[in-house]
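# give me a model of this one.
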Amino acid sequence: MPTAMTTADPAHTVVDVGGTTLRVGTYTPATGELSRVRRMPVDGMARDPEAPVPVLQERVVEQIVREVTRHTAGPPPGPVGVAFAGPISADGLVLAAPTVWGRRGDPLPLARLLTERLGTPVAVVNDLTAAAWRYAASEPEPFCLLTVSSGIGNKVFRDGDVLLDPAGHGGELGHWVCDLSPDAPLCDCGGRGHLGAVASGRGVLAAARRAAAADPDGLARSRLAELSGGPVENPALAKALAEGDAFATRVLRGALVPLAQAIGAVFASVGVCRYIVVGGFALAVGERYRRLLVAELVRQGCFGLTPERIDAMVTLGASDDDHGLIGAGRLLTARHPARTEGGAR
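Next up, the predicted model:
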């Protein structure tokens with residue numbers, strides 16, 4: 001009996017909504033290629049920090065609809081995949097989005113709203129859940145994807161899917177409380193002492209500014225001061241760290257202590273021995289970030305692992321910002337297999 005021939009998969013429209021940037025592009029399942037990517041500021045609190053949460057939610061929904069319609073020059077021809085920064089239930093309900101619209105408002109049924117507005121099925125998943133799908137095809141063993149950017153998040157991929165509660169719980173290491181002091185750094189969600197407020201790019205930048213205020217002479221002697229030429233900002237901080245500046249490195253080492261504790265807890269609890277680090281801040285620092293993180297993991301210890309094995313289990317992800325787009329495309333392909341002749345799937 002002849003094998004049914006698969007028709008060409010239609011291209012998928014994919015969207016990635018982060019705290020500062022919205023990306024939209026086309027993913028072609030047959031080739032795995034991402035094309036026609038456009039980037040723009042997201043209409044969230046980064047643009048209007050004083051706007052109420054319901055107003056920002058409405059603006060973000062309108063922006064997604066507008067940009068998808070523009071991208072497809074009309075109604076999208078097939079399912080749309082949206083990677084979104086925040087915990088999301090299995091049916092596409094956004095439970096919170098601290099980096100997009102700030103402190104928790106009412107849950108937003110984003111998948112339903114976009115499906116109604118666009119007239120096609122829309123899959124909405126957490127951005128790091130989508131990103132995990134990018135690496136699922138190339139990782140032969142279970143892995144934990146960890147992002148260090150404006151916030152911190154993680155997702156564990158095991159047995160063919162991301163480990164998540166149907167209500168969206170899981171993979172939110174950024175909101176683990178690692179500092180119980182009353183003056184602990186404030187997280188975007190409104191809580192204090194969360195890992196994301198301490199060890200994210202924003203957290204390390206805040207710590208560097210505090211260190212600069214406490215030790216202006218030390219800052220003045222540093223490469224960081226040369227690169228900054230004024231107030232310390234993230235690009236200069238990342239470059240100083242990549243170059244091995246001692247002042248900046250001391251700051252980062254302090255932030256990596258709770259991050260390594262969190263990774264050690266994931267390792268000890270579920271036995272995942274592969275950690276892929278992505279995110280704008282970590283990737284901007286590059287290999288030096290990985291080495292410093294490994295050094296802290298070795299210092300703390302991972303039960304049963306040698307320093308060499310710890311070094312091997314931490315790697316950097318691809319140095320682009322396409323994780324959510326590519327992952328959303330692969331997830332859509334898995335959920336909507338190509339049609340074959342005769343209608344079989």
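# just the strands in this structure please.
With DSSP state E as the criterion, the chain has strands at 12-17, 21-28, 33-41, 80-84, 122-126, 143-148, 152-158, 161-162, 275-278, 314-316.
# weakest of those by average pLDDT?
If those are sorted by mean pLDDT, strand 161-162 sits at the bottom with a mean of 88.
# show me what that strand is packed up against.
When contacts are defined as 3 or more Cβ pairs under 8 Å, 6 or more residues apart in numbering; DSSP states H and E, strand 161-162 packs onto helix 127-136. C-beta here means a position set from N, CA and C on the backbone, and glycine is covered the same way.
# can you do 6 Å?
If you count contacts as 3 or more Cβ pairs under 6 Å, 6 or more residues apart in numbering; DSSP states H and E, strand 161-162 packs onto no helix or strand.
# which residues sit against that strand?
Applying Cβ atoms under 6 Å, 6 or more residues apart in numbering, the contact partners of strand 161-162 are 129, 132, 155.
# now, which of those residues sits nearest Gly201?
The closest of those to Gly201 turns out to be Lys155 (Cβ to Cβ; 18.6 Å).
# count the residues that sit near that closest one.
26 (other Cβ atoms under 10 Å).
# I'd say it and Ala132 touch.
Yes: shown here, Lys155 and Ala132 form a contact pair, counting by Cβ atoms under 6 Å, at 4.6 Å.
# shared neighbours, the two?
Common neighbours of Lys155 and Ala132 (Cβ under 6 Å, 6+ apart) are 145, 162.
# re the thing from before, let's have the strands of the chain in TSV, adding distance to Ala207.
Formatted as TSV, the strands of the chain follow (distance: least, Cβ to Cβ, whole Å):
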stretch	distance to Ala207
strand 12-17	28
strand 21-28	24
strand 33-41	26
strand 80-84	28
strand 122-126	27
strand 143-148	14
strand 152-158	14
strand 161-162	31
strand 275-278	19
strand 314-316	22
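# contacting residues for Ala242?
Contacts of Ala242 (Cβ under 6 Å, 6+ apart): 285-286, 288.
# before we move on, the earlier item: Gly190: which of the strands of the chain is closest?
strand 152-158 (16.1 Å).
# what's next to the closest one, contact-wise?
Contact with strand 152-158 is made by 128-129, 132, 136, 142-147, 162-163, 171, 173-174, 195-196, 200, 272, as judged by Cβ under 6 Å, 6+ apart.
# list the buried residues for that strand?
152-157 (16 or more other Cβ atoms under 10 Å).
# now do stretch 179-191
Buried residues in stretch 179-191, defined by neighbour count with 16+ other Cβ under 10 Å: 184-185, 187-189, 191.
# next: stretch 253-270.
Those would be 255-256, 258-264, 266-267, for stretch 253-270 by 16+ other Cβ under 10 Å.
# in PyMOL, how would I select the buried members of the contacts of strand 152-158?
With 16+ other Cβ under 10 Å as the criterion, this PyMOL line picks the buried residues out of these:
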select buried, resi 128+129+132+136+143+144+145+146+147+162+163+171+173+174+195+196+200+272
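# tell me the contacts of Trp176?
So Trp176 contacts 195, 262 (Cβ under 6 Å, 6+ apart).
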